[in-house]
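1. coordinates for the following, if possible.
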Amino acid sequence: MQFAKSLLLLAALTTSTLALPTTLERRQATSSSAASGSSWTSTPSSGSYSTAGFGSSTSSSGSGATYEGNVGNPYGSNIITVDAASASNYKYVAQFTGSNTDDWTVAIFNKYGPDGQMTGWYGNACNTFTLAAGETVYIAFDEDSNGGWVAASGSTIPTDASGGYASTWGEFDFGSTTNSGWSGFDVSVIAAQNAGLSISGMQICDALGSVCSSVTQDAATVNNAYTSAETDVGGIGANLASGPVRLAVTIDYSG
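-> Next comes the predicted model:
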């Protein structure tokens, strides 16, 4: 699977430098200062982040390809939906926007499943929601969470012959203990390509910086993202120094 060489498991981190698209530049242009707290990209002026809604943290274990981060206790309580007004209070936040015409299903999973094995993407999503046409959803992640999300038009997520999620993935690693608090993300179409299934567009951008990872439909354009050809390549995507993260995620991305 793509986790074998994804940036989520790298010990050595490098920073990518890509130009932000105009859509993200417009979002940043309307962002207010941290003091106002009115924008989801803001951070608390006190430097203290909310943990409201999270369960207890679980201990990390392993290293490299077997590293297990925080999966929440109860399981999955490290990944919660928050409203727009409170999103800026959390340290790690992803803003999901999607199609203006269709409803999409988004399923977010921990790398490790509830069985304690690397089975998070085998039907073990811990936060699944419908992203209605034109809707925006905010998700907060607790410290040391790592895993991914998948998205598909309609009400179900395609799976491969083994039951693994096989649509376009977004991979994440927030405040990694094994990587001194660094975070990272990438878009991957490895699972969909290996299963011979269609590829939908997705873009993830660092809303506080200048790096994006994206693919368009059928992988017609691939930008700093994983395809099956890069399964064993490390360092694709973004690596972010320790601190708050704001990810702008565009589902059904068309470039």
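2. quick one: Asp173 and Asn179, what's the gap?
-> 7 Å (CB to CB, to the nearest Å). Yep, even glycine has a C-beta here, placed from its N, CA and C like the rest.
3. please disregard the earlier target; I meant Gly196.
-> Following CB to CB, the distance that separates Gly196 from Asn179 is 34 Å.
4. again, but for Thr66
-> Distance, Thr66 to Asn179, using CB to CB: 15 Å.
5. what of Tyr49?
-> Taking CB to CB as the measure, Tyr49 falls 19 Å from Asn179.
6. would you mind telling me which of these two has more residues around it?
-> Asn179 (22 against 17; other CB atoms under 10 Å).
7. isn't the more buried one right next to Asn146, touching?
-> No: with contact defined as CB atoms under 8 Å, Asn179 and Asn146 do not form a contacting pair (9.9 Å).
8. find residues that contact each of those two.
-> Residues touching both Asn179 and Asn146 (CB atoms under 8 Å, 6 or more residues apart in numbering): Asp173.
9. quick check: which ranges of the stretch 1-150 of the chain have low pLDDT?
-> Flagging of the stretch 1-150 of the chain using pLDDT under 70 yields the residue ranges 1-38.
10. hey, where'd the strands end up in it?
-> Assigned by DSSP state E, counting those that start in this stretch, the strands in the stretch 1-150 of the chain fall at 79-82, 92-97, 104-110, 127-131, 136-141, 145-153.
11. for the stretch 151-255 of the chain, same thing?
-> According to DSSP E, counting those that start in this stretch, the strands that the stretch 151-255 of the chain contains are 169-174, 183-188, 202-206, 212-215, 222-223, 238-240, 245-251.
12. tell me which residue is most central in the protein.
-> Taking CA atoms, centre = their mean as the criterion, Phe172 is the residue nearest the geometric centre of the chain, at 4.3 Å.
13. against Met118, how distant is the closest residue to that residue other than its chain neighbours?
-> Counting by CB to CB, 6 or more residues apart in numbering, the nearest residue to Phe172 once its immediate chain neighbours are dropped is Phe185, at 5.0 Å. Here the distance between Phe185 and Met118 works out to 19 Å (CB to CB).
14. same thing with Ala87?
-> Relative to Met118, and taking CB to CB, Ala87 is found at 29 Å.
15. who's more crowded, the two?
-> Counting neighbours by other CB under 10 Å for Ala87 and for Met118 shows that Ala87 has the greater number, 22 against 18.
16. quick one, what contacts that one?
-> Applying CB under 8 Å, 6+ apart, one finds that Ala87 lies in contact with 40, 93, 95, 138, 140.
17. who's in contact with the fourth one?
-> Contacts for Tyr138 were tallied using CB under 8 Å, 6+ apart; they are 40, 81-84, 87, 93-96.
18. what is it paired to in the beta sheet?
-> The bridge-partner assignment for Tyr138, based on DSSP bridges, gives Val82, Gln95.
19. Gly235: how many residues sit nearby?
-> Burial of Gly235, expressed as a neighbour count using other CB under 10 Å, amounts to 18.
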